[in-house]
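Student: sharing a sequence plus its predicted fold:
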Amino acid sequence: MDDYEEVTDEFQGMKIWWSSSITISQQRSHYSNDDGEKRSYKLTCHRKHKEIITKVYLHHVLDEGKAIVMKSRQRKLYTNGNMTSWNHIIFEHPSTFDTLAMHPEKKKDILNDLMTFIKSKDYYKKVGKSWKRGYLLYGPPGTGKSSMIAAMANLLDYDIYDLELTSVSNNTDLKKLLIGTTSKSIIVIEDIDCSLDLTGPRKKKEKKDKEKEKEKNPDQKKEKDKKIKGSEVTLSGLLNFIDGLWSACGSERLIVFTTNHLEKLDPALIRRGRMDKHIELSYCCFETFKVLAKNYLDLESHDLFSPISRLLEETNMSPADVAENLMPKSSQENAESCLNHLIKVLNKSKEEARLKAMEDSRVKASQSESSIVESSDEESSDGEG
Ligand SMILES: Nc1ncnc2c1ncn2[C@@H]1O[C@H](COP(=O)(O)OP(=O)(O)OP(=O)(O)O)[C@@H](O)[C@H]1O
């Protein structure tokens, strides 16, 4: 409201009159920048509405005010720069649920889940749960996990805390960082399988498998170990944060883990209650393609959609790759040439997959042949003895 302005409001059928005024104090402080101006707002209503106005309407006005401030503020993307503090930049990512390519039913389900969450403050209080929700996003690279996190933040007007666990020395520093986060935010731990040494009971059981993996893939394993080595954050430290500390400080927050390898995660970490909703983002299907074609080429239908639909069923291509191939690369390209280009790339990828499958089965056959030879050699040498 401007100074000396009068405004009429309506609430549940009641009329309310607001007026603003300024008084200037004669006794100004020499020690502050206070210019002595005091703004006040006067509310007038019918006497019979006094109770509902003071008990309900004023809370409503304060909540609306906070929501307007949240909407108009600039949102922030925080990263854990040094051990225990956050650096931030302005968060400006264009991804929204409209631009996100995925099956419409799945998208609707996620949107409903998020909208239900933000309206459920009283419900969470009633059932004695802290107002937070965990999401696990999993799927191959380039399927839209990061894009979905940005779309969530844009939808809810939340800040993002991008927590790089490998830069956190230990559980105490993790706690400090988490206490420094604010409400109305999303805490993101990307590639959780590469960020944490999963010291759960499963580890022992899987030790053998891991040793085998090490033998098969020594370079990859060494690189992952080197990254994790600098950090002493443990699985139990992280679980404590999700269950204990996390529950006790702040509210209205989402925590999102992403992974390309769901099978590598300890079940304790992703059980419901911790990660409430598991969302799979997968290779591009026809429904996903239609959203990308609309976004990138402004096309809702085309004769070439039908061969593309067939090819997408026969190949595994990520939405990131499909999007890249749909994008015009010069001013001479039009929608049809982009679709033709995508068809060419899909055919190529299908052929490569066919050749790889043939090579794999050839290797497998020769391996099983040599193991048969080995065992028959052993049998014959046993016989000799
Ligand atoms: N489902 C999608 N909808 C819209 N755009 C997508 C989608 N998936 C990928 N893209 C495009 O591909 C780019 C890379 O996608 P994104 O980073 O979201 O994938 P990701 O699953 O997080 O990958 P990674 O596992 O490698 O981190 C995005 O900037 C976006 O342009």
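Tutor: Perfect, thanks for sending it.
Student: around the closest residue to residue 294 other than its chain neighbours, how many other residues sit close by?
Tutor: Once flanking residues are discounted, residue 294 sits nearest to residue 300: 6.0 Å by Cβ to Cβ, 6 or more residues apart in numbering. Using the backbone N, CA and C atoms, a C-beta is placed for each residue, glycine as well. Residue neighbour count, defined by other Cβ atoms under 10 Å, stands at 9 for residue 300.
Student: list the contacts of residue 300.
Tutor: Applying Cβ atoms under 8 Å, 6 or more residues apart in numbering, we find residue 300 in contact with 290, 293-294.
Student: helix/strand/coil for it?
Tutor: Secondary structure assignment for residue 300 (DSSP: H, G, I helix; E, B strand; the rest coil): coil.
Student: the most centrally placed residue in the chain is in what secondary structure piece?
Tutor: Nearest residue to the geometric centre of the chain (Cα atoms, centre = their mean): residue 149, 3.1 Å. Assigned by DSSP states H and E, residue 149 falls within helix 145-156.
Student: ok, and what's touching that helix?
Tutor: Residues outside helix 145-156 that contact it (Cβ under 8 Å, 6+ apart): 75, 91, 93-97, 99-100, 110-111, 114, 118, 135, 137-139, 158-160, 184, 186, 188, 190, 254, 256, 258, 279, 281.
Student: where does the closest residue to residue 237 other than its chain neighbours land on pLDDT?
Tutor: Excluding the flanking residues, the one nearest residue 237 by Cβ to Cβ, 6+ apart is residue 171, at 3.3 Å. On the pLDDT scale, residue 171 is placed at 84.
Student: how far away is residue 171 from residue 318?
Tutor: Distance of residue 171 to residue 318, computed by Cβ to Cβ, to the nearest Å: 35 Å.
Student: how about residue 283?
Tutor: According to Cβ to Cβ, residue 283 stands 6 Å off from residue 318.
Student: what does residue 2 give?
Tutor: Distance, residue 2 to residue 318, by Cβ to Cβ: 53 Å.
Student: next: residue 20.
Tutor: For residue 20, the distance to residue 318 equals 56 Å [Cβ to Cβ].
Student: likewise residue 149?
Tutor: Noted for residue 149: a distance of 17 Å to residue 318, by Cβ to Cβ.
Student: check contacts around residue 177.
Tutor: By Cβ under 8 Å, 6+ apart, residue 177 lies in contact with 80, 84-86, 163, 168.
Student: and it, what element?
Tutor: Under DSSP H and E, the secondary-structure element containing residue 177 is helix 171-179.
Student: name the residues of that helix that are buried.
Tutor: Residues of helix 171-179 classed as buried: 171, 173-175, 177-178 (neighbour count, 16 or more other Cβ atoms under 10 Å).
Student: export it as PDB, just CAs?
Tutor: Extracted as PDB, the C-alpha positions of helix 171-179 are listed here (Å, rounded to 0.1, in the frame of the first residue of the first chain):
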ATOM      1  CA  ASN A 171      29.900 -36.500   9.600                       C
ATOM      2  CA  THR A 172      30.400 -33.500  11.800                       C
ATOM      3  CA  ASP A 173      31.000 -31.200   8.900                       C
ATOM      4  CA  LEU A 174      28.000 -32.800   7.100                       C
ATOM      5  CA  LYS A 175      25.800 -31.800  10.100                       C
ATOM      6  CA  LYS A 176      27.200 -28.200  10.100                       C
ATOM      7  CA  LEU A 177      26.300 -27.900   6.400                       C
ATOM      8  CA  LEU A 178      22.900 -29.300   6.800                       C
ATOM      9  CA  ILE A 179      22.000 -27.000   9.800                       C
END
